[in-house]
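> Fold the following, please.
(chains A, B, C and D)
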Protein chains: 2
Amino acid sequence: MEDSIEYSAQAQPDVPLNRLVTYRIARLHAKLNSQATRILKENGKLTLMQWRILVIVNATEDATHSKIAAKTQIDGGQISRCVKSMIAADLLSAEVHPTDHRQVNLRMTPKSTAMFQQALPAMRKRQSYFGKALPKEQHDVLITAFDTLDAMTELSVFPD
Amino acid sequence: MEDSIEYSAQAQPDVPLNRLVTYRIARLHAKLNSQATRILKENGKLTLMQWRILVIVNATEDATHSKIAAKTQIDGGQISRCVKSMIAADLLSAEVHPTDHRQVNLRMTPKSTAMFQQALPAMRKRQSYFGKALPKEQHDVLITAFDTLDAMTELSVFPD
DNA sequence: CAAAGTTTGTTGACACATCAACTTAAAATA
DNA sequence: TATTTTAAGTTGATGTGTCAACAAACTTTG
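Got it, this is the predicted structure:
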């Protein structure tokens, strides 16, 4: 959970919780997360964070911390710590960039490649299920609505 | 972020990230959270967790830990810790139930009432904005889609 | 070239989330 | 009533999310 409940129960007309978008997003997010975590556990031993990082490293030439951050929006600090532990666990290999000594190039290891491949079918199947679960037209509405809501999250004042 | 990226970059046909429902939910959730946190900070000093708890306590006769948990889905452990600190901070008053000595009845204090009232207008206005941002028909589709997705999060195997 | 600014990554602090083991009190039932 | 089961809260461990301060390496500009 997270956001969910920021309405005044005592004055707002009675909008059932289930129709509050913020609440639904919160719940859904939590459930999606725990599902992904569960699937990963059942198909190897990757954590969700490790998985996310490997997805990018696996698909990116010369992956670096900042590329991962840019593509996933994951916080830099979290990436730094997780990558560090993954290097220690032989899930990533690191090599400082030949000319730019700030950057660190990250690559899969045999170990992480194997674990990634093991988790991949289930994760891919899940994703494809989500893709197919909603009729295209519903999916479009959904994405449009997300765009609208996304834009509203920038505001911190709501004029009358 | 959280769930976002659990697709195989290297094989799935190229669904842009922005059309991945899991990714959008994740991002939206994060942004909603940080918006609510920001608004609360600008209108008092309540944390999001404190706010969530006060919303329930404010609207519930004889609120208890378990009622809060039932209504919000917040983890019992978190409620326990947060309530404890709120009692220490004079944001909640506690009284063991007269007959059932397990339960603790929680009530607003003058201090939390004031803080709650201070944050309320902005939070309520926000919620009402979200309510009005989507045309009813879009909103309905959204809720339906959430129901569909919700149901899918129970699965951990996705047959072909 | 040197000062100033930017980018890359690290670290610390703290709030939030999840899970499991545990205590105490009440309820069920044998 | 004694035993067992269930409910209410607590606590510890561990992972995730966010933010801010920071050091080091590079870039820009005067």
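> Residue numbers of chain A in contact with DNA strand D?
A:33, A:47-49, A:74-78, A:82, A:97, A:99-102 (C-beta under 7 Å from any atom of the strand). Heads up, the C-betas are built off the backbone N, CA and C, glycines and all.
> Dihedrals phi and psi, the residue nearest to residue A:21 when sequence neighbours are not counted?
Distances taken as C-beta to C-beta, 6 or more residues apart in numbering or on different chains put residue B:130 closest to residue A:21, at 5.5 Å, once the chain neighbours are dropped. With angles defined as degrees, to the nearest 10, residue B:130 shows backbone torsions of phi -60, psi -40.
> Tell me the confidence at residue B:130?
We note a pLDDT of 88 for residue B:130 in this prediction.
> Residue A:32 too?
For residue A:32, the predicted pLDDT is 94.
> how deep is it tucked in, by neighbour count?
26 (other C-beta atoms under 10 Å in any protein chain shown).
> now swap in residue A:71 and tell me
Residue A:71, neighbours per other C-beta under 10 Å, totals 18.
> Was I right to think it contacts residue A:57?
No: counting by C-beta atoms under 8 Å, residue A:71 does not reach residue A:57; the two are 10.4 Å apart.
> all helices of chain A, in order?
A:21-42, A:48-59, A:65-72, A:76-88, A:110-133, A:136-152 (DSSP state H).
> Would you reformat those helices as JSON lines and include distance to residue B:25?
Converted to JSON lines, those look like this (distance: least, C-beta to C-beta, whole Å):
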{"stretch": "helix A:21-42", "distance to residue B:25": "5"}
{"stretch": "helix A:48-59", "distance to residue B:25": "14"}
{"stretch": "helix A:65-72", "distance to residue B:25": "14"}
{"stretch": "helix A:76-88", "distance to residue B:25": "19"}
{"stretch": "helix A:110-133", "distance to residue B:25": "10"}
{"stretch": "helix A:136-152", "distance to residue B:25": "8"}
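> Could you find the closest non-adjacent residue to residue A:78?
residue A:49 (6.9 Å).
> Do you know the pLDDT at the one you found?
95.
> Is it in contact with residue A:80, as I believe?
No: using C-beta under 8 Å, residue A:49 makes no contact with residue A:80, being 11.8 Å away.
> the more surrounded of those two?
The neighbour count for residue A:49 versus residue A:80, taken as other C-beta under 10 Å, is higher for residue A:49 (20 against 13).
> Please name the residues that touch that one.
By C-beta atoms under 8 Å, 6 or more residues apart in numbering or on different chains, the contact set of residue A:49 is A:74, A:78, A:82.
> Out of these, which end up buried?
A:74, A:82 (16 or more other C-beta atoms under 10 Å in any protein chain shown).
> Export the contacts of residue A:49 as a markdown table, with columns for distance to residue A:145 and pLDDT.
Output for these, formatted as a markdown table (distance: C-beta to C-beta, whole Å; pLDDT from 0 to 100):
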| residue | distance to residue A:145 | pLDDT |
| --- | --- | --- |
| A:74 | 25 | 94 |
| A:78 | 29 | 96 |
| A:82 | 32 | 97 |
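> from the contacts of residue A:49, which is closest to DNA strand C?
The shortest approach to DNA strand C among those belongs to residue A:78, at 7.6 Å (C-beta to the nearest atom of the strand).
> any idea how far that closest one lies from residue B:23?
17 Å (C-beta to C-beta, to the nearest Å).
> Let me know the pLDDT of residue A:53.
In this model, residue A:53 carries a pLDDT of 96.
> mind listing what residue A:90 touches?
Contacts of residue A:90 (C-beta under 8 Å, 6+ apart): A:109, A:111-112.
> any low-confidence regions in chain A?
A:1-17 (pLDDT under 70).
> OK, contacts around the residue nearest to residue A:21?
A:20-22, A:149, A:152.
> Dump those to a markdown table, plus neighbour count.
Below are these laid out as a markdown table (neighbours: other C-beta atoms under 10 Å in any protein chain shown):
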| residue | neighbour count |
| --- | --- |
| A:20 | 21 |
| A:21 | 21 |
| A:22 | 25 |
| A:149 | 20 |
| A:152 | 18 |
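> Could you point out which of the residues you listed is nearest to DNA strand D?
Among the contacts of residue B:130, and counting by C-beta to the nearest atom of the strand, the member closest to DNA strand D is residue A:22, at 14.3 Å.
> From chain B, how far off is the closest one?
5 Å (C-beta to the nearest C-beta, to the nearest Å).
> try residue A:104
20 Å.
> cool, residue A:96 as well?
25 Å.
> For beta bridges, what are the partners of that residue?
Beta-bridge partners recorded for residue A:96 (DSSP bridges): residue A:104.
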